[in-house]
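1. test case, fold it:
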Amino acid sequence: MSDITADNEGIEDKKPSKLPMIIGLVLALAGGGGGFFAVQSGLLGNLGMDASHDSASDETTKDEGIETMPLPDVAFIEVPPLVISLGPKAQANHLRFRASLEVPKKYTTEVESILPRVQDVLNSYLRALEARDLEAAGALIKLRGQMLRRVRLVAGEGRVRDLLVLEFVLN
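-> From the prediction side, this is the model:
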């Protein structure tokens with residue numbers, strides 16, 4: 001019986017290993033140091049913060065040393081609003097759509113002159129879509145790209161820089 005108690009005493013005296021805690025601490029320090037380095041060296045950019053909102057900057061030094069690119073010479077042309085009736089399977093009855101075209105200023109009059117054709121191609125495309133195409137998650141991004149491609153085909157290459165969706169409402 002003394003052999004059993006001697007074996008139990010040896011088991012109870014064993015302490016848990018501290019190796020997992022040490023490894024966790026080393027990994028946490030390495031991750032923190034790596035994150036600090038990434039932010040300080042600019043690998044992550046400014047993470048959406050504007051340099052003018054930096055707490056270290058003041059009004060006298062805000063514009064020093066910052067080079068800005070000039071804005072492109074563009075005009076915005078409003079496409080007349082469209083109301084598209086949706087099919088019977090749709091959750092909504094209508095789609096209200098408004099857009100604006102970003103055009104280099106030298107092509108403004110040319111694109112304005114073909115605006116009815118642009119409106120027609122957008123109307124035709126939106127009417128051809130099924131309800132699930134409009135209601136799907138992320139549909140607007142895909143639809144915007146398709147509409148821009150069609151508008152560029154109508155207007156000619158280089159005349160339309162972008163299509164800005166101003167209103168896309170299903171009701």
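
2. now for the chain, the helix or strand with the poorest mean pLDDT.
-> When the helices and strands of the chain are scored by mean pLDDT, DSSP states H and E, helix 2-12 comes last with a mean of 56.

3. got the confidence number for the residue nearest the centre of the chain?
-> Against the mean C-alpha coordinate of the chain, by Cα atoms, centre = their mean, the closest residue is I141 at 9.6 Å. If you check I141, the pLDDT there is 92.

4. tell me which element it falls in.
-> helix 139-155 (DSSP states H and E).

5. now do the helix or strand that contains F168: everything it contacts.
-> Secondary structure assignment for F168, by DSSP H and E: strand 162-170. If you take Cβ atoms under 8 Å, 6 or more residues apart in numbering as the criterion, strand 162-170 is touched by 76, 81, 86, 90-92, 94-102, 134-135, 140, 144, 147-148, 151. For every residue, glycine as well, the C-beta is placed using N, CA and C.

6. report the buried members of the residues you listed.
-> Using 16 or more other Cβ atoms under 10 Å as the burial test, the contacts of strand 162-170 include 86, 90, 95, 97, 99, 101, 134, 144, 147-148, 151 as buried.

7. rebuild the residues you listed as JSON lines, extending it with pLDDT and distance to S41.
-> Output for the buried ones among the contacts of strand 162-170, formatted as JSON lines (pLDDT from 0 to 100; distance: Cβ to Cβ, whole Å):
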{"residue": "L86", "pLDDT": "86", "distance to S41": "51"}
{"residue": "A90", "pLDDT": "80", "distance to S41": "51"}
{"residue": "L95", "pLDDT": "91", "distance to S41": "47"}
{"residue": "F97", "pLDDT": "95", "distance to S41": "45"}
{"residue": "A99", "pLDDT": "97", "distance to S41": "41"}
{"residue": "L101", "pLDDT": "97", "distance to S41": "40"}
{"residue": "L134", "pLDDT": "86", "distance to S41": "44"}
{"residue": "R144", "pLDDT": "95", "distance to S41": "35"}
{"residue": "M147", "pLDDT": "96", "distance to S41": "40"}
{"residue": "L148", "pLDDT": "96", "distance to S41": "37"}
{"residue": "V151", "pLDDT": "96", "distance to S41": "42"}
